[in-house]
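here is a sequence with its predicted model. Questions after.
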Amino acid sequence: MPDVTASSGLLSRTKVHVDDSGGSGRPVVLIHGWPLSGESWSEQVGPLRDAGYRVVAYDRRGFGRSDKPSKGYDYDTLADDLDSVLTELELTDVTLVGFSMGGGEVARYVAKHGEDRIHSVVFAAAVPPYLMKTDDNPDGPLTEDAAGEMEQGLKDDRATFFDGFTTDFFSAGGELKVTEEQRQQAIALCHQSDQTAALGCMEAFGTTDFRDDLTKVTVPALVIHGDADGIVPVEGSGRRTHAAIASSELVVVEGAPHGFNVSHAEEFNRSLLHFLER
C-alpha cells in the first residue's frame, strides 16, 4: 500500500501509511482513534467497499506503520497530514470519518483547509467540541486531574495502562462488549504507537478547543455516539457537537461503549451507510 509524504515545513517530511481500496467510487477517508491505527477500522472497510465506496484508511504519524517523528502531534500538523493524504491521492467529493481523536482532525481540517474537497463529515465518538473542563468550558467531560492520571499511567507502565484502557474502551455497564480476542487485537495496535506520539496526542485531544472549528462545518454531518461511552461521554461531546453544527444529524447507539465501531459494528455500519447515501 502507498505511503504519503506529509510535509510540515521545508525540512520536515513524514511518511504516512495509507491503505487504499482503490476503485472509482466516492472516497471515504477513515481517521482512527488514539492510540490505535488504521487497522482499527477492520469492521468498516469491507462493508464500505462492498457498497461501492473507495475506502482510504491511514495511520496517524507516530502510530501503526507510519513514521514516528519526534514532533508534530498538534492538530494543526495532523490536519496538514490529512490534507497531504487527500492531495497526493487526488481525492475529491470525500466523506471524512473521524473516530474519537480523529474527529478533531476532521474539525481542524475543515477550519484550516476548507470544504472544497469535502462532500460530508462524520464525528464518531469524537472528542470535539472541547474535552477539557475549564472555567469557560464547564461542560467539558475531562478534568485536569483525570488527564494527569492518564498521562502518568502511560508514562509509568504502558502495558498495564493499555490493558486497562482497552477494557474501558470496549466496556459498558461494567461488561466487556467485544470478544477477548478483539480486545487483544486492539492492545497490539496500541503497542505499535510511539511513546512520544502517544503522549503528545493525549495532550492534543485533551486540551484542544474545537468550538470555533465546528462553526466552519457547512457540509452534511453525522454525529454518531454510544450512550454508554465512558471514555468520551456523549453529553459532553457528541450532543454538543450536534448542537454546534446546523447541518448535522445525531445518532445515539443504545448501550454502546466508546469502541462501538467494533462492539456494535452492524448498527454503526448501517447508520454510516445510510448517511453516505446523502
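Received, thanks. Numbers count the residues shown, from 1 in each chain.

quick check on Val223: phi, psi?
When read as degrees, to the nearest 10, the backbone of Val223 gives phi -110, psi 120.

before we move on, what about Phe205?
phi -70, psi -20.

before we move on, what about Gln192?
phi -80, psi -10.

ok, it - contacts?
Counting by Cβ atoms under 8 Å, 6 or more residues apart in numbering, Gln192 touches Ser37, Phe63, Gly64, Arg65. In short, each C-beta sits where N, CA and C put it, glycine included.

helices of the stretch 51-200 of the chain, start to end?
75-88, 101-113, 144-156, 158-169, 180-191, 195-207 (DSSP state H, counting those that start in this stretch).

run through who's touching the longest one.
Read it as helix 75-88. By Cβ under 8 Å, 6+ apart, helix 75-88 touches 4-8, 14, 16, 18, 29, 31, 56, 58, 60-61, 72, 91, 94, 96, 104-105, 108-109, 111-113, 117, 204, 208.

out of the residues you listed, which end up buried?
4, 6, 8, 14, 16, 18, 29, 31, 56, 58, 60-61, 72, 91, 94, 96, 104-105, 108-109, 111, 113, 117, 204, 208 (16 or more other Cβ atoms under 10 Å).

ok, back up a step: farthest-apart pair in the contacts of Gln192, please.
Phe63 and Arg65 (8.5 Å; Cβ to Cβ).

pretty sure Gly62 contacts Met202?
No - at 11.2 Å, Gly62 does not count as touching Met202 under the criterion of Cβ atoms under 8 Å.

which one's more surrounded, the two?
Legend: neighbour count by other Cβ atoms under 10 Å for Gly62 and Met202, higher for Gly62 (26 against 18).

contact partners for the more buried one?
Lys68, Pro69, Gly72, Tyr73, Ser193, Asp194, Thr196, Ala197, Ala198, Gly200, Cys201.

need the nearest residue in space to it, chain neighbours excluded.
The shortest distance from Gly62 to any non-neighbouring residue, by Cβ to Cβ, 6 or more residues apart in numbering, is to Ala197 (2.4 Å).

that neighbour - how many residues pack around it?
Around Ala197 there are 23 residues (other Cβ under 10 Å).

again, but for Glu266
Neighbours around Glu266, by other Cβ under 10 Å: 9.

read off the pLDDT value for the closest residue to Lys216 other than its chain neighbours.
In space, and not counting its chain neighbours, Lys216 is closest to Ala111: 4.6 Å by Cβ to Cβ, 6+ apart. Note on Ala111: pLDDT of 98.

is Ala111 in contact with Arg211, as I believe?
No - proximity of Ala111 to Arg211 does not meet the contact threshold set by Cβ under 8 Å, at 10.5 Å.

for Asp227, which of the helices of the stretch 51-200 of the chain is the nearest?
Here helix 158-169 is closest among the helices of the stretch 51-200 of the chain (Cβ to Cβ), at 15.7 Å.

the closest one to helix 144-156, inter-axis angle?
Angle between the axes of helix 158-169 and helix 144-156 is 140 degrees (criterion: axes from the mean of the first three to the mean of the last three Cα atoms, to 10 degrees).

put the alpha carbons of helix 158-169 into CSV.
Coordinates of the C-alpha atoms in helix 158-169 are reproduced here as CSV (Å, rounded to 0.1, in the frame of the first residue of the first chain):
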residue,chain,number,x,y,z
ARG,A,158,2.5,1.2,29.0
ALA,A,159,1.4,-2.5,29.2
THR,A,160,-0.7,-2.0,32.3
PHE,A,161,-2.2,1.2,31.0
PHE,A,162,-3.2,-0.2,27.6
ASP,A,163,-4.7,-3.3,29.3
GLY,A,164,-7.0,-1.1,31.4
PHE,A,165,-7.7,1.4,28.7
THR,A,166,-8.8,-1.1,26.2
THR,A,167,-11.1,-2.7,28.8
ASP,A,168,-12.7,0.7,29.4
PHE,A,169,-12.7,1.4,25.7
